[in-house]
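Undergrad: how would this look folded up:
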Amino acid sequence: MERKIRVSDLLKMKAGVKVEVKGWVRTKRGNKEIAFIAVNDGSCVASIQIVVDKTAIPEDVLAKVTTGACIRVEGELVESVGSGQAVEVRASAIEVLGTCDPVRYPLQKKDTSMEYLRTVAHMRPRTNTFGAVLRLRSQMAYAIHEYFHSRGFVYLNTPLITASDAEGAGQMFQVTTLDLGNVPRDKKGGPDYSKDFFGRQTSLTVSGQLEGELGATALGAIYTFGPTFRAENSNTPRHLAEFWMIEPEMAFYDITDNMDLAEDFIKSLVRYALEHCMEDIQFLNDRYDDGLVERLRGVVDTEFVRLPYGEGIKILEEAVAAGRKFEYPVAWGVDLQSEHERFLVEEHFRKPVILTDYPKDIKAFYMKQNDDGKTVRAMDVLFPKIGEIIGGSEREADLDKLEKRIDELHMSRRGLEWYLDTRRFGSCPHSGFGLGFERLLLFVTGMANIRDVIPFPRTPKNAEF
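TA: As a prediction, this is how the structure comes out:
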């Protein structure tokens, strides 16, 4: 007997062998003589049909085979007489491994809303939709590691607990072991962090970039891939408080090299998804977004537009003059909103856009300044339906310019001396970018809300499961 064969493999096998199937019941139907049970084990979207002669299986066992129950089936793989699959299993024995109360089971309805499923996020992986999404998430993680490994990048683990704010935005989750009911105070009346676990104020990281630059200026090319955190009170379909980031940093890369890598990287990931995950992508295309496959293929086959920020602003201003309405105003110096980015990508160019040379006043302190004194060598990769999916820049390699910029922004240099050492001791041209993993998954899956591409979403007022 073929044991421990996953459903995805069983559906590709030829009939005529004894098999064992383990999984969860999706549906059960039939008549007085025969029962048809659909069993899914999470290996693919499709379930395998179990055909049961009711005279061969005890009635009390069949009574426990309800939607959601976990069962083990022994039987013969035979050719299917029905449509939809080539083979099915004719059961000779059924064991109920775990019963499921059909009244209390939270996944009974076929067309359950995404909002409802977020309230039972611990159970939603059992649905076809979230099975497909989570398999794609796993495949994309593998593809990311494979991409960088094949190109000689070093996988660097950067700290999750840090004393530095890489973005300078201050939206960080504090980490402390101080007794919040009796916080020790310093001479100024503030919390005495010298009594805390690390002896100083620490938070969860918003980015591994600064530490990644340390790795790049020693190892040449590195990448990080791990969770990051933002204490930003944003209840939108594009924001999470806990999300995953991929952040490569490369010595001796200028902004053009950086853009080349970002474009090749994301095309490679989409190509991998189309080549290895088509069944799940097709299911999501057919169920939720009938333009998904076409959009993915369009990215792989298209050369991205490279557009200076100033030219992008002119295009938007011309659109406004022609009657196009935006919720947020457009002018040189503003940070573009998602509606502006999507207009450029979806309506004007109809292809992905890499926007470059942003005003320095709306970008982070570490970005290399252009000779005009007003802009920096930043780049944002803008995608259809998403807006910004990658953000990066050439980093400022000049110590004097970097220190001056830190002072202009009134940032504390005390916690950045270690970072400035990379410019003091053998500074080199280098670049990097960050790709939000969940934003990539939004694009690859066609899902509309970022909370539906991560197993357990963390958002304001929500830390369930």
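Undergrad: now do the SS call for residue 336.
TA: Secondary structure state of residue 336, per DSSP: H, G, I helix; E, B strand; the rest coil, is coil.
Undergrad: wait, it touches residue 362, no?
TA: No - counting by Cβ atoms under 8 Å, residue 336 does not reach residue 362; the two are 9.1 Å apart. Glycine gets a C-beta too; all of them are placed from N, C-alpha and C.
Undergrad: neighbour count for the two, which is higher?
TA: residue 336 (23 against 13; other Cβ atoms under 10 Å).
Undergrad: per-residue pLDDT, the more buried one?
TA: Looking at residue 336, its pLDDT is 95.
Undergrad: from residue 14, how far out is it?
TA: Counting by Cβ to Cβ, to the nearest Å, the gap from residue 336 to residue 14 is 56 Å.
Undergrad: and stretch 125-141, C-alpha only, in PDB?
TA: Written as PDB, here are the backbone C-alpha positions of stretch 125-141 (Å, rounded to 0.1, in the frame of the first residue of the first chain):
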ATOM      1  CA  PRO A 125      -5.800  28.200   6.400                       C
ATOM      2  CA  ARG A 126      -8.200  25.300   5.900                       C
ATOM      3  CA  THR A 127     -10.100  27.200   3.200                       C
ATOM      4  CA  ASN A 128      -9.100  26.900  -0.400                       C
ATOM      5  CA  THR A 129      -8.300  30.600  -0.600                       C
ATOM      6  CA  PHE A 130      -5.900  30.700   2.300                       C
ATOM      7  CA  GLY A 131      -4.400  27.400   1.400                       C
ATOM      8  CA  ALA A 132      -3.500  28.900  -1.900                       C
ATOM      9  CA  VAL A 133      -2.200  32.100  -0.400                       C
ATOM     10  CA  LEU A 134       0.000  30.400   2.200                       C
ATOM     11  CA  ARG A 135       1.400  28.000  -0.300                       C
ATOM     12  CA  LEU A 136       2.300  30.900  -2.500                       C
ATOM     13  CA  ARG A 137       3.900  32.700   0.500                       C
ATOM     14  CA  SER A 138       6.000  29.700   1.200                       C
ATOM     15  CA  GLN A 139       7.100  29.300  -2.500                       C
ATOM     16  CA  MET A 140       8.000  33.000  -2.700                       C
ATOM     17  CA  ALA A 141      10.100  32.800   0.400                       C
END
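Undergrad: do you know the pLDDT at residue 111?
TA: Looking at residue 111, the pLDDT reads 68.
Undergrad: hmm, who's touching stretch 27-44?
TA: 6-9, 11, 21-26, 46-55, 62, 65-67, 71, 73, 91, 125-126, 128, 131, 135, 279-280 (Cβ atoms under 8 Å, 6 or more residues apart in numbering).
Undergrad: which intervals of the stretch 1-150 of the chain have sub-threshold pLDDT?
TA: 1-3, 109-111 (pLDDT under 70).
Undergrad: and the helices in it?
TA: 7-10, 59-63, 114-119, 128-150 (DSSP state H, counting those that start in this stretch).
Undergrad: so for the shortest one, what gets flagged as buried?
TA: Yep, that's helix 7-10 we're talking about. Buried residues in helix 7-10, counted by 16 or more other Cβ atoms under 10 Å: 7, 8, 10.
Undergrad: closest to residue 142 out of those residues?
TA: Ranked by distance to residue 142 (Cβ to Cβ), the buried residues of helix 7-10 are led by residue 8 at 16.3 Å.
Undergrad: any idea which of the helices of the stretch 1-150 of the chain gets closest to residue 86?
TA: Closest of the helices of the stretch 1-150 of the chain to residue 86 is helix 7-10, at 10.4 Å (criterion: Cβ to Cβ).
Undergrad: got the contact list for that closest one?
TA: 19, 21, 23, 39-41, 43-44, 46-48, 77, 87, 89.
Undergrad: for residue 164, pull up the helix or strand it's in.
TA: Under DSSP states H and E, no helix or strand contains residue 164.
Undergrad: spatially nearest residue to it (excluding sequence neighbours)?
TA: residue 415 (5.4 Å; Cβ to Cβ, 6 or more residues apart in numbering).
Undergrad: next: residue 205.
TA: In space, residue 205 is closest to residue 162, 4.7 Å off (Cβ to Cβ, 6+ apart).
Undergrad: what sits against that neighbour?
TA: Contacts for residue 162 (Cβ under 8 Å, 6+ apart) come out as 202, 203, 204, 205, 211.
Undergrad: let's go with 7 Å and repeat that
TA: By Cβ atoms under 7 Å, 6 or more residues apart in numbering, the contact set of residue 162 is 202, 203, 205.
Undergrad: drop anything exposed from those residues.
TA: Here the buried ones among the contacts of residue 162, as counted with 16+ other Cβ under 10 Å, turn out to be 202, 203, 205.
Undergrad: would you map the helices across the stretch 301-450 of the chain?
TA: Going by DSSP H, counting those that start in this stretch, the stretch 301-450 of the chain shows helices at 309-321, 338-342, 399-408, 417-424, 437-445.
Undergrad: phi, psi of residue 123?
TA: phi -110, psi -20 (degrees, to the nearest 10).
Undergrad: from residue 193, how far out is it?
TA: 41 Å.
Undergrad: of these two, who's got more company?
TA: Shown here are residue 123 and residue 193; by other Cβ under 10 Å, residue 193 has more neighbours (18 against 15).
Undergrad: looks like that one contacts residue 201 (just checking).
TA: Yes - contact between residue 193 and residue 201 holds when scored by Cβ atoms under 7 Å: they sit 4.6 Å apart.
Undergrad: quickly find the element holding the residue lying closest to residue 144 once chain neighbours are set aside.
TA: Ranked by Cβ to Cβ, 6+ apart and with sequence neighbours excluded, the top spatial neighbour of residue 144 is residue 246, at 5.7 Å. Element membership of residue 246, judged by DSSP H and E, is strand 242-251.
Undergrad: what packs against that strand?
TA: The helices and strands touching strand 242-251, judged by 3 or more Cβ pairs under 7 Å, 6 or more residues apart in numbering; DSSP states H and E, are helix 209-219, strand 221-229, strand 430-436, helix 437-445.
Undergrad: residue 341: which of those is closest?
TA: Nearest of these (Cβ to Cβ): helix 437-445, 12.0 Å.
Undergrad: ok, residues contacting the closest one?
TA: Contacts of helix 437-445 (Cβ under 7 Å, 6+ apart): 133, 136-137, 140, 240, 243-246, 269-270, 273, 284, 296, 383, 385-386, 389, 450, 453-454.
Undergrad: now stretch 232-245: buried residues?
TA: Quick answer for stretch 232-245 (16+ other Cβ under 10 Å): 238, 239, 240, 241, 242, 243, 244, 245.
Undergrad: same check, this time on stretch 449-465
TA: For stretch 449-465, a neighbour-count test (16+ other Cβ under 10 Å) marks 450, 451, 452, 453, 454, 457, 458, 459 as buried.
Undergrad: for it, output the C-alpha coordinates as CSV.
TA: Extracted in CSV, the C-alpha atoms of stretch 449-465 (Å, rounded to 0.1, in the frame of the first residue of the first chain):
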residue,chain,number,x,y,z
ASN,A,449,-6.2,43.5,1.6
ILE,A,450,-2.7,43.0,3.1
ARG,A,451,-4.2,41.3,6.2
ASP,A,452,-5.1,38.4,3.9
VAL,A,453,-1.6,37.5,2.8
ILE,A,454,-0.1,36.9,6.3
PRO,A,455,-1.1,34.1,8.5
PHE,A,456,-1.9,36.2,11.6
PRO,A,457,-2.2,39.9,10.9
ARG,A,458,-1.1,42.4,13.5
THR,A,459,-3.0,45.7,13.2
PRO,A,460,-4.1,48.5,15.6
LYS,A,461,-6.2,47.0,18.4
ASN,A,462,-5.7,43.5,17.0
ALA,A,463,-3.2,41.0,18.3
GLU,A,464,-5.3,37.9,18.4
PHE,A,465,-4.0,34.3,18.1
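Undergrad: no further queries at this time; thank you.
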